[in-house]
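Trainee: Sequence below, structure please.
(chains A and B)
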Amino acid sequence: MSVRTRFAPSPTGYLHVGGARTALFNWLFARHHGGVFVLRVEDTDEARNTDEAKEAIFGGMKWLGLDWDEGPQVGGGFGPYFQSERREIYDRWFAKLVDAGRVYEDGGAWRFRFDRRPVTMHDLVCGEVTIDYRDESNTPDMVVKRSDGSYVFHFVNVVDDLEMRISHVIRGEDHLMNTPKHLQLIEAFGMEAPKYAHIPLILNPDGSKMSKRDEGAAVGDYPRQGFLPSAVVNFIAMLGWSPKNDEEIFSLDELVSRFSLEQVNRAPARFDLEKCQWVNQQHLMRLDAASFAREARPFVEQAGLPIGDSFESVMAAVKDKVRLLTEVPKAVDFLLRDDFSYDDEAMAKAGSNPAVRDVFGKLAGLFDKIDEWSADAAKAALSEAAASAGAKVGQMMFPLRVALTGRGQGPDMADVLNILGKQRSIARVNVFNQKLA
RNA sequence: GACCCGUUCGUCUAUCGGUUAGGACUCCAGGUUUUCAUCCUGGCAAGAAGGGUUCGACUCCCUUACGGGUCGCCA
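Mentor: Numbering: from 1, shown residues only, chains lettered A, B, ... in the order given. Predicted structure coming up:
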């Protein structure tokens, strides 16, 4: 039996992390088994559907790298993939229920008559779960067709899974109690049910259910907050799934080869933004310099900084120092432009050593005498200046940092010296000396 | 309220009856980096509670507590 999974969002809001993870698990499962991943839009609630939401969902999935083999924009042999366009198919399946005598009219709507017996499902994550349908108060016959003629979720969802030959339904645990209903419907149709896997929900840090508006909930916010899609995917995969060992940083491809439903946990997990950022940093550090520069560039441009010839080496100098891409502009502005400001606190600290004036007074001249500029040569010059002033070179490194960058922290000094080069270094030392005076 | 699922450091998790209960994030201390970050070392920190079963239970069973979910002509 070939594996066919699906993600079936309703376009009533942006893509949130819970939905994204459901999509991810379906996608990973399909890719792992060489199967097919279907995207189906459940847009039966016309009042709440919006085109923006639809675009947000498509865009969010593409950003995460979750491509679909069948669905909107790509087509497929089991379309249409918008439920709003599948009316005739539903009418046909509804007729089967009528013929079988399993539905009855109630107030203009049509209800499905449940079989009053215990229903057992074999969930791939939760195991065997039995719901007793003899207790009618807890399981009233459900409406499958509204009085306005439209069909409800349970009906269209089941019909589409059947029609689209879905083999595995991986969805949030909030659907666990719906499954017996779906099983009864499928049985009434005389069809074979797909396998079900209900994955635990994602909670807020305080344990409440994560929903719209909660911090970190909207996938659409992640790109501009400086996250890499591979990091977000990695992080949400670890919320409810574990490789069962100590590894925790994975690329999308690595997740595909390792993923299995047996490794999905049963307990809900809380969303921890701190760790998500740490995962992002790990992914950033695994990028090669050119890729990092390409990812960071839009953020640097948006901050209004000039992209010079040294851009790639500048990016390489800060690659391992940021958690989010949004931190890049601040980390490199003094390398990309010369009209930066000097931090007062750093200046005060740098100037607190009385030897600094003497040392730096000589430094520009020594720099100027260097024929072949390099970080080592510059440091040697600093050593010489320090020695002649009777100061320790180690104590001059911080002042040098302030002189060249205007602040007390930043990239490695060797990187700064190399990127700045001789003339800019001399100019900055001169500016520094004027500020000291 | 009824029904269902769940419960290991603050958080994400490992453990398939016998372990000093491991790793990671966060935090703290020390080291390296002449700053910060990275990195290294160390530290704080957990089996919800009570009963069973067993030579032995975090692991199996029951009860309670707590958390989450579901009970729509929403999806």
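Trainee: got the contact list for whatever residue of chain A ends up closest to RNA strand B?
Mentor: The nearest approach of chain A to RNA strand B comes at residue A:397, 1.7 Å away (CB to the nearest atom of the strand). No exception for glycine: its C-beta is placed from N, CA and C like everyone else's. Counting by CB atoms under 8 Å, 6 or more residues apart in numbering, residue A:397 touches A:382, A:413.
Trainee: Go ahead and list the helix or strand containing it.
Mentor: helix A:397-405 (DSSP states H and E).
Trainee: For the helix or strand following that helix, list every residue counted as buried.
Mentor: Using DSSP H and E, the next helix or strand after helix A:397-405 towards the C-terminus is helix A:413-436. Residues A:413, A:415-420, A:422, A:425-426, A:428-429, A:432-433 are the ones in helix A:413-436 that count as buried (16 or more other CB atoms under 10 Å).
Trainee: Just flag the most distant two among these.
Mentor: Pairwise distances across the buried residues of helix A:413-436 (CB to CB) peak at 23.1 Å, for the pair A:415 and A:433.
Trainee: circling back to that earlier point, got the confidence number for the residue of chain A closest to RNA strand B?
Mentor: Per-residue pLDDT puts residue A:397 at 87.
Trainee: And residue A:212, by the same measure?
Mentor: Per the predicted model, pLDDT is 67 at residue A:212.
Trainee: do the one 10 residues further on as well
Mentor: Residue A:222 is assigned 93 on the pLDDT scale.
Trainee: And for it, nearest residue in space, chain neighbours not counted?
Mentor: Nearest non-adjacent residue to residue A:222, counting by CB to CB, 6 or more residues apart in numbering: residue A:232, 5.3 Å away.
Trainee: Please, where are all the strands along the stretch 251-400 of chain A?
Mentor: Counting by DSSP state E, counting those that start in this stretch, the stretch 251-400 of chain A has these strands, from start to end: A:269-270.
Trainee: where does it come near RNA strand B, residue by residue?
Mentor: Contact residues, the stretch 251-400 of chain A versus RNA strand B (CB under 7 Å from any atom of the strand): A:263, A:265-270, A:272, A:274-275, A:278, A:281, A:285, A:320-321, A:379, A:393-394, A:396-398.
Trainee: Any idea how many residues pack against the residue nearest to residue A:248 when sequence neighbours are not counted?
Mentor: With sequence-adjacent residues excluded and distances taken as CB to CB, 6+ apart, residue A:248 is closest to residue A:238, at 6.2 Å. By the criterion of other CB atoms under 10 Å, residue A:238 has 19 neighbours.
Trainee: was I right about residue A:238 contacting residue A:249?
Mentor: No - counting by CB atoms under 8 Å, residue A:238 does not reach residue A:249; the two are 9.6 Å apart.
Trainee: so what's in contact with the two at the same time?
Mentor: With CB under 8 Å, 6+ apart as the test, residue A:238 and residue A:249 both reach residue A:279.
Trainee: what sits against the nearest residue to residue A:223 once chain neighbours are set aside?
Mentor: Once flanking residues are discounted, residue A:223 sits nearest to residue A:63: 6.1 Å by CB to CB, 6+ apart. Residues counted as contacts of residue A:63 (CB under 8 Å, 6+ apart) are A:219, A:222, A:223, A:229.
Trainee: Low-confidence bits of the stretch 151-300 of chain A, can you list those?
Mentor: For the stretch 151-300 of chain A, residues meeting the criterion pLDDT under 70 lie at A:212-213, A:215.
Trainee: typo on my end, it should be the stretch 1-150 of chain A
Mentor: In the stretch 1-150 of chain A (pLDDT under 70), the answer is A:1.
Trainee: From residue A:366, how far off is the residue of chain A most remote from its centre?
Mentor: The C-alpha centroid of chain A is most remote from residue A:388, which lies 55.0 Å away (CA atoms, centre = their mean). Relative to residue A:366, residue A:388 is positioned 9 Å away (CB to CB, to the nearest Å).
Trainee: do residue A:75 as well
Mentor: For residue A:75 relative to residue A:366 (CB to CB), the value is 70 Å.
Trainee: If you count surrounding residues, which of the two has more?
Mentor: Shown here are residue A:75 and residue A:366; by other CB under 10 Å, residue A:366 has more neighbours (20 against 12).
Trainee: got a list of what the more buried one touches?
Mentor: Applying CB under 8 Å, 6+ apart, the residues near residue A:366 are A:381, A:382, A:384, A:385.
Trainee: redo that, cut-off 6 Å
Mentor: A:381, A:384, A:385 (CB atoms under 6 Å, 6 or more residues apart in numbering).
Trainee: Any buried residues in stretch A:54-74, and which?
Mentor: A:54, A:56-58, A:60-61, A:63-64, A:66, A:68-72.
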